[in-house]
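Asks: Model the structure of this input:
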Amino acid sequence: MHNYKQRLNNSFLICIGLLILFVTVNFLSLRNYYDEMFNPYYFVNNDFEEKLKKENSSIDKSYENENSTVPENEDPKRIKLNSLAALLMDAENNRVLYEVNGYQEMPMASTTKIMTCIIALENGNMEDVVTVSSYAAGMPDVQLNIRAGEQYYLKDLMYSLMLESHNDSAVAIAEHIGGTVEGFATMMNDKARALGCYDTNFITPNGLDAEGHYTTARDLAVISSYAIQNKEFIDITNTSSYQFKELKKGRSFIVSNKNKFLYMMDGAIGIKTGFTGKAGYCFVGALKKPDRTLISVVLGCGWPPRKNLKWTDTIRLMTYGIENYEKKQIFENRKLEPVYVDNGQTSHIGLAVNGDLNLLIRNDEKVSVEYIVPDILSAPVKKGKVVGSARYFIDNNLYTELPIYTTDDSKKIDYKFCFMRILRLWGLQY
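Replies: Prediction:
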């Protein structure tokens, strides 16, 4: 009886093995037959394409040399400026439109207070009561002349900070929000990194000259571009004058806006002046028009008595941005060729790219697009999968990269799919 069961088990295993072998052979046969009937695409992996590229490289180079043309305006119009560093930025996308030493690390004086204001607005309550420390009260000019032990609403000190650039108010705010000046500086630097400003380091909340306290015109423009999106920031910096009182004894104060640029150009909305002996005169301006918002930065724009040069340079930068740039849609609405899917139930699937690239462009700037897409995909492929990119260049500088994604699914070919397709074909023949 035992030998009979053993022989039965052996026979069963042999049958299972034969069945697996039969299914495998049949699947491979079906797959080969399916490929011959339905898939006319064969991909041979050899070096032919690479060899062809090498053979034609010299021809391509000579052709490019013979047919290349020099742009009509290879160098854009230069602006006569007095600043050691200057920059103009499109605030809608942080694209730099013009710069002179725009990426050079420099001291920035009281334009530092743009970041001080934003950190306070985002982390404080404007109705908070701020108690003045002896350290804050001891700050050098420019001062509100607050006294140790006095108390003020945070909101009132914010107007003192931004309208008249008071250094003692800046420290009082920093100590209230960050616990210490050092703690507040850490918050400022963390925010700078979050905004992509890696060439900036804050030591003080008021911008007084300090070792290791610096930024670049580009980074300062990015910080300012972010700041003007905050309505409370705009409300404060665009106020002409503001009155408030100390909370304990009721000392009264009036602060007036020192930003003359607000009255120099239509659409001016800020932002902040600055001066130290090391930084010179500095200014960050903002201009809002129906079709554009511009940020200008000037650093090291003269020393006493030439304090008006910052207004001259700012107006020249803004005028350049208005007169030389116009809004254009540069997105190329291109229909992409379907891509072959190896081992896919759907042999070809569609590709698409979407975007809205409506930005300020100079007439002599050249826009080019590079499409990076695969020649072949491997099944399975899901709809919406990112498989490539469209890279937009302005004057050969990468501006942005848009994802190219699949518009269809393609499942992997299996035994059932091959069998059903061949069965359907036989059904049509008979």
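Asks: where does the stretch 101-250 of the chain dip in pLDDT?
Replies: Within the stretch 101-250 of the chain, no range satisfies pLDDT under 70.
Asks: Please, where are all the helices along it?
Replies: 113-123, 134-137, 154-163, 167-178, 181-194, 217-227, 231-237 (DSSP state H, counting those that start in this stretch).
Asks: so what's residue 111 closest to, chain neighbours aside?
Replies: Excluding its sequence neighbours, the residue lying closest to residue 111 (Cβ to Cβ, 6 or more residues apart in numbering) is residue 274, at 4.3 Å. In short, each C-beta sits where N, CA and C put it, glycine included.
Asks: Present the helices of the stretch 101-250 of the chain as CSV; the columns should include distance to residue 316.
Replies: Formatted as CSV, these follow (distance: least, Cβ to Cβ, whole Å):
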stretch, distance to residue 316
helix 113-123, 22
helix 134-137, 38
helix 154-163, 25
helix 167-178, 30
helix 181-194, 28
helix 217-227, 15
helix 231-237, 22
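Asks: Please identify which helix or strand holds the nearest residue to residue 371 once chain neighbours are set aside.
Replies: Ranked by Cβ to Cβ, 6+ apart and with sequence neighbours excluded, the top spatial neighbour of residue 371 is residue 390, at 5.4 Å. Assessed by DSSP states H and E, residue 390 sits inside strand 386-394.
Asks: For that strand, output the C-alpha coordinates as PDB.
Replies: Provided in PDB are the C-alpha atoms of strand 386-394 (Å, rounded to 0.1, in the frame of the first residue of the first chain):
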ATOM      1  CA  VAL A 386       6.900  61.200 -15.800                       C
ATOM      2  CA  VAL A 387       9.300  59.800 -18.400                       C
ATOM      3  CA  GLY A 388      11.000  62.900 -19.700                       C
ATOM      4  CA  SER A 389      11.300  66.700 -19.600                       C
ATOM      5  CA  ALA A 390      11.000  69.800 -21.800                       C
ATOM      6  CA  ARG A 391      13.900  72.100 -20.900                       C
ATOM      7  CA  TYR A 392      13.500  75.800 -21.700                       C
ATOM      8  CA  PHE A 393      16.500  78.000 -22.300                       C
ATOM      9  CA  ILE A 394      16.800  81.700 -22.600                       C
END
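Asks: I'd like to know which elements it is packed against.
Replies: Strand 386-394 is packed against strand 367-372, strand 397-406, with contacts defined by 3 or more Cβ pairs under 8 Å, 6 or more residues apart in numbering; DSSP states H and E.
Asks: Of these, which stretch is the most buried?
Replies: Ranked by mean neighbour count, the helices and strands packed on strand 386-394 are led by strand 397-406 with a mean of 16 (mean count of other Cβ atoms under 10 Å).
Asks: tilt between that strand and strand 386-394?
Replies: Computed by axes from the mean of the first three to the mean of the last three Cα atoms, to 10 degrees, the angle separating strand 397-406 from strand 386-394 equals 160 degrees.
Asks: Mind listing the strands strand 397-406 pairs with, and their directions?
Replies: Within its sheet, and counting by DSSP bridges, strand 397-406 is paired with strand 351-352 (antiparallel), strand 386-394 (antiparallel).
Asks: from the chain's centre, how far out does that strand sit?
Replies: Mean-position distance between strand 397-406 and its chain equals 13 Å (Cα atoms, centre = their mean, to the nearest Å).
Asks: neighbours of residue 378, just the number please.
Replies: By other Cβ atoms under 10 Å, 12 other residues sit near residue 378.
Asks: Leaving out sequence neighbours, find the closest residue to it.
Replies: Spatial nearest neighbour of residue 378, chain neighbours left out: residue 342 (5.1 Å); criterion: Cβ to Cβ, 6+ apart.
Asks: and that neighbour, what is it in contact with?
Replies: Counting by Cβ atoms under 8 Å, 6 or more residues apart in numbering, residue 342 makes contact with 43, 376, 377, 378, 379.
Asks: looking at the strands paired with strand 397-406, which is closest to residue 167?
Replies: strand 386-394 (41.1 Å; Cβ to Cβ).
Asks: How about residues contacting stretch 247-264?
Replies: 129, 144, 149-153, 156, 159-160, 163-166, 237-246, 268-273, 283, 285, 311, 314-315.
Asks: Any of these buried? List them.
Replies: 144, 150, 152-153, 156, 159-160, 163-166, 237-238, 242, 244, 246, 268-273, 283, 285, 311, 314-315 (16 or more other Cβ atoms under 10 Å).
Asks: In strands only, show me those.
Replies: Among these, the members falling in strands (DSSP state E) are 152, 153, 242, 244, 268, 269, 270, 271, 272, 273, 283, 285.
Asks: now the end-to-end length of stretch 131-144.
Replies: By Cα to Cα, to the nearest Å, the extent of stretch 131-144 from end to end equals 14 Å.
Asks: before we move on, what about stretch 277-295?
Replies: This stretch, stretch 277-295, spans 24 Å end to end (Cα to Cα).
Asks: What are the buried residues along it?
Replies: Of the residues in stretch 277-295, 279-287, 292-295 count as buried by neighbour count, 16+ other Cβ under 10 Å.
Asks: got it, and stretch 340-356?
Replies: Buried residues in stretch 340-356 (16+ other Cβ under 10 Å): 340, 341, 342, 343, 344, 345, 347, 349, 351, 353.
Asks: Nearest to residue 217 among those?
Replies: Taking Cβ to Cβ as the measure, residue 217 lies nearest residue 353 of these, at 33.6 Å.
Asks: distance of that closest one from residue 199?
Replies: Between residue 353 and residue 199 the distance is 32 Å, computed by Cβ to Cβ, to the nearest Å.
Asks: I'd assumed residue 408 was in contact with residue 380.
Replies: No. Counting by Cβ atoms under 8 Å, residue 380 sits too far from residue 408 to count as a contact (11.7 Å).
Asks: wait, what's in contact with residue 326?
Replies: Contacts for residue 326 (Cβ under 8 Å, 6+ apart) come out as 360, 361, 363.
Asks: How is this structure partitioned into domains?
Replies: For the chain, the structural domains run 85-325, 330-430, going by automatic domain parsing.
Asks: Just name the most buried of those.
Replies: With neighbours taken as mean count of other Cβ under 10 Å, these reach their highest mean count in domain 85-325, at a mean of 20.
Asks: Can you show me the CA trace of stretch 165-182 as CSV?
Replies: What follows is stretch 165-182 as a C-alpha-only set of coordinates in CSV (Å, rounded to 0.1, in the frame of the first residue of the first chain):
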residue,chain,number,x,y,z
SER,A,165,14.7,102.1,10.4
HIS,A,166,15.2,102.3,14.2
ASN,A,167,18.0,100.0,15.4
ASP,A,168,16.7,99.7,19.0
SER,A,169,13.2,98.7,17.8
ALA,A,170,14.8,95.9,15.6
VAL,A,171,16.6,94.4,18.6
ALA,A,172,13.5,94.6,20.8
ILE,A,173,11.5,92.8,18.2
ALA,A,174,14.3,90.2,17.7
GLU,A,175,14.5,89.4,21.4
HIS,A,176,10.8,89.1,21.8
ILE,A,177,10.4,86.8,18.8
GLY,A,178,13.6,84.8,19.0
GLY,A,179,14.4,84.9,22.7
THR,A,180,17.8,86.4,21.9
VAL,A,181,19.4,88.2,19.0
GLU,A,182,21.3,85.0,18.2
